[in-house]
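Novice: Quick one: sequence and predicted model below, then my questions.
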Amino acid sequence: MAKAIEGPVSFLKSSNFLRTWSPQQGQVCELAHVRLSDCRPPPTMAHADVKDVPERPKKEVAPRQRKTSHDRTLKMIDDGIKVAEAIGAFSAWLKHPPARASTPLPPHGAARTPQTPPAPRPVPPFDIQDVPKAMRKVGMPMAAKLQERWFAGQENYSRSAPDLRNEIDQNGKRYASAMVDSTTVTMDWVLSFARAKEAFQELVQNSARTPRALDVLADKLRPYKQRSNLWTQQEVSTDVLEFHRKFQFQLQQVNATWGQRIAEFLARSTTAGGVPDDLTGALGSFNFYAAVAFAQFEPMGAHTEAIVTHIAVYVRDSYEFSDDQYLGHWSPSHVAVVPAHQIAAGNGWLDYPVVQGSIHDKDSVLYPVTNKDYRDWRQRHRQGGDFMIQTDRLSVKLESPIRVVL
């Protein structure tokens with residue numbers, strides 16, 4: 001680690017009730033034993049391909065032997081002897097109770113026996129698996145749910161960006177079905193955020209009709225021009241990746257990643273804008289995708305015209321920790337970031353915990369967390385599954401059909 005700055009450090013800490021940043025001060029902590037923990041055992045694996053999970057060996061049970069009447073008689077005699085012995089011992093204790101042991105006082109002026117010093121107060125541990133609990137306290141329940149899913153997933157990741165797009169895991173195989181989540185995040189939830197709804201409307205009303213989008217749309221529909229119509233849901237009903245490959249023709253970006261949002265705060269040293277919300281915590285930077293839902297085909301001289309009357313809009317986003325972005329300083333109840341002037345000298349503040357008060361007090365230490373910490377946790381525990389988020393597909397009837405010549 002780089003050498004930390006000396007003296008107090010100023011930072012912005014989440015004010016959970018108001019959902020804003022609160023200016024705070026603390027001390028940088030360079031103690032080796034005060035650091036983010038990854039030692040807690042992983043949760044029970046809940047998201048895994050069954051064939052990839054080793055079967056637990058069955059416990060051998062010795063055959064039960066049937067007791068005879070002779071065995072039961074011997075047991076009754078033995079139990080009776082034990083009861084009689086216990087009663088006799090108790091009676092003897094009542095008649096002659098043991099004398100109390102007394103500790104003699106040392107003679108006047110003699111040195112007293114030194115007392116064992118009290119054990120040092122422990123520092124309340126903060127494990128990386130506690131981050132989801134803190135997320136709930138700062139108003140990010142969906143982000144917490146997705147992160148807990150990652151911890152409970154089988155070891156899974158992609159080795160490159162193309163593999164990630166195509167759902168290819170570290171072994172060169174297609175993602176197991178358990179690593180595609182199509183139920184947790186819904187379009188209703190995403191559209192409950194104003195900026196997401198604004199991007200959705202921009203996609204439907206404008207972006208789906210750009211020249212580039214129309215070129216892609218024509219290429220996607222050309223193989224079907226001999227038909228009278230096309231219901232894409234009937235072509236690919238359950239394979240969401242295949243649907244995405246065959247019929248998606250435009251996208252609309254929303255948001256910035258959590259790390260990018262933190263970087264914005266680092267760059268401008270301000271409390272404006274508020275703490276990143278649950279949409280940022282859950283999805284970071286993501287895309288709305290537009291795909292063909294229904295199209296008709298009509299002859300047009302030597303060509304064919306495709307008329308798209310309905311499109312399907314959905315979110316498809318990977319949940320993974322592939323880079324080394326700084327994700328803030330976390331405690332059991334808060335998240336904090338440091339303004340730019342504190343790190344301008346390159347003195348390594350982001351590498352260290354920061355303390356407010358005593359390190360022994362609950363919630364007094366804020367620990368730096370990065371994407372790399374999650375990869376390190378996965379390598380240590382052989383668990384932690386990157387997965388693909390896929391929302392439901394929202395069918396939208398266009399006010400004015402999209403027409404392309406094939």
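Specialist: Nice, I can see it.
Novice: list the contacts for residue 146?
Specialist: 181, 184-185, 282, 319, 389 (CB atoms under 8 Å, 6 or more residues apart in numbering). To be clear about C-beta, it is placed using only N, CA and C from the backbone, and glycine gets the same treatment.
Novice: 7 Å - rerun?
Specialist: Shown in contact with residue 146 (CB atoms under 7 Å, 6 or more residues apart in numbering): 184, 282, 319.
Novice: By pLDDT, give me the weakest of those.
Specialist: pLDDT is lowest at residue 282 among the contacts of residue 146; the value there is 92.
Novice: show me where the stretch 151-300 of the chain has helices.
Specialist: With DSSP state H, counting those that start in this stretch as the criterion, the stretch 151-300 of the chain has helices at 161-165, 187-190, 194-205, 211-221, 232-235, 240-247, 258-268, 278-283.
Novice: can you redo these as CSV with distance to residue 140 and mean neighbour count?
Specialist: As requested, the helices of the stretch 151-300 of the chain are arranged in CSV below (distance: least, CB to CB, whole Å; neighbours: other CB atoms under 10 Å):
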stretch, distance to residue 140, mean neighbour count
helix 161-165, 24, 13
helix 187-190, 13, 17
helix 194-205, 15, 16
helix 211-221, 33, 16
helix 232-235, 33, 14
helix 240-247, 26, 18
helix 258-268, 10, 17
helix 278-283, 4, 23
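Novice: looking at those helices, which is closest to residue 365?
Specialist: The closest of the helices of the stretch 151-300 of the chain to residue 365 is helix 258-268. By CB to CB, the value is 19.0 Å.
Novice: Could I get the full set of strands for the stretch 101-250 of the chain?
Specialist: 180-181, 229-231, 248-254 (DSSP state E, counting those that start in this stretch).
Novice: With distance to residue 124 as extra columns, can I get those strands in a markdown table?
Specialist: Shown next, in a markdown table, are the strands of the stretch 101-250 of the chain (distance: least, CB to CB, whole Å):
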| stretch | distance to residue 124 |
| --- | --- |
| strand 180-181 | 33 |
| strand 229-231 | 58 |
| strand 248-254 | 37 |
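Novice: winner for burial among those strands?
Specialist: strand 248-254 (a mean of 20; mean count of other CB atoms under 10 Å).
Novice: elements contacting that strand?
Specialist: helix 194-205, helix 211-221, strand 286-300 (3 or more CB pairs under 7 Å, 6 or more residues apart in numbering; DSSP states H and E).
Novice: Now render the strands of the stretch 101-250 of the chain as TSV, adding mean pLDDT.
Specialist: Formatted as TSV, those follow (pLDDT from 0 to 100):
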stretch	mean pLDDT
strand 180-181	94
strand 229-231	95
strand 248-254	95
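Novice: so which of these comes closest to residue 307?
Specialist: Among those, strand 229-231 sits nearest to residue 307 (CB to CB), with 9.3 Å.
Novice: counting contacts, what elements does the closest one pack onto?
Specialist: strand 286-300.
Novice: buried sites along the strand it packs on?
Specialist: 286-295, 297 (16 or more other CB atoms under 10 Å).
Novice: As a markdown table, those residues with distance to residue 405 and pLDDT would be great.
Specialist: A markdown table is the format used below for these (distance: CB to CB, whole Å; pLDDT from 0 to 100):
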| residue | distance to residue 405 | pLDDT |
| --- | --- | --- |
| 286 | 33 | 92 |
| 287 | 27 | 95 |
| 288 | 26 | 97 |
| 289 | 24 | 97 |
| 290 | 19 | 97 |
| 291 | 20 | 97 |
| 292 | 16 | 97 |
| 293 | 20 | 96 |
| 294 | 18 | 97 |
| 295 | 13 | 96 |
| 297 | 11 | 96 |
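Novice: that older thread, which one among the contacts of residue 146 gets closest to residue 130?
Specialist: The closest of these, once distances to residue 130 are taken by CB to CB, is residue 282, at 18.0 Å.
Novice: Distance check, the closest one against residue 20.
Specialist: 20 Å (CB to CB, to the nearest Å).
Novice: got it, and residue 120?
Specialist: Distance from residue 120 to residue 20, by CB to CB: 37 Å.
Novice: Between these two, point out the one with more neighbours.
Specialist: The neighbour comparison of residue 120 against residue 20 (other CB atoms under 10 Å) goes to residue 20, with 14 against 7.
Novice: Who does the more buried one form a beta bridge with?
Specialist: residue 15 (DSSP bridges).
Novice: Report the separation between it and residue 202.
Specialist: 28 Å.
Novice: before we move on, what about residue 292?
Specialist: 19 Å.
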